[in-house]
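Chemist: Below is the structure, and that's it, no one-letter string:
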């Protein structure tokens, strides 16, 4: 595992979230990064490159864990994912459609089904306001 990936996991385990703002790496809350701040500065370029590989999250969704599984991923006896990254990105688009009330674009999947499909491929997300999403 790379040093940058290990630093990301350490900060996220402490409750921190990363965001790239232009040339700046923003970590909130800052206390989550305090123990490894020097290492974060040292590996900033690698950190930003690793974070850029992650898919953008739809509004109201936050990334909890990013550990994409190597393809192929067996979802069910009749369903195999051959391109994990592409599948995760398309499922996130379906999730965004579901959350924005555009049910015709969600592929016929319910909210729990979409979340389970993401998790099966190594992308664990959480809804900022789960009650609002169920309305």
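Modeler: Received, thanks. In this text, all values refer to a predicted model and were calculated from it rather than measured experimentally. Numbering: from 1, shown residues only.

Chemist: pLDDT score assigned to the nearest residue to residue 71 once chain neighbours are set aside?
Modeler: Nearest non-adjacent residue to residue 71, counting by CB to CB, 6 or more residues apart in numbering: residue 84, 4.9 Å away. C-beta here means a position set from N, CA and C on the backbone, and glycine is covered the same way. As predicted, residue 84 sits at a pLDDT of 94.

Chemist: May I have the residues that are in contact with residue 84?
Modeler: 68, 69, 70, 71, 73, 121, 122 (CB atoms under 8 Å, 6 or more residues apart in numbering).

Chemist: is it fair to say the third one lies in a strand?
Modeler: No - the assignment for residue 70 by DSSP: H, G, I helix; E, B strand; the rest coil gives coil, which leaves it out of any strand.

Chemist: Do you know the pLDDT at it?
Modeler: 92.

Chemist: Just name the shakiest helix or strand of this protein by mean pLDDT.
Modeler: Ranked by mean pLDDT, DSSP states H and E, the weakest helix or strand in the chain is helix 130-133, scoring a mean of 68.
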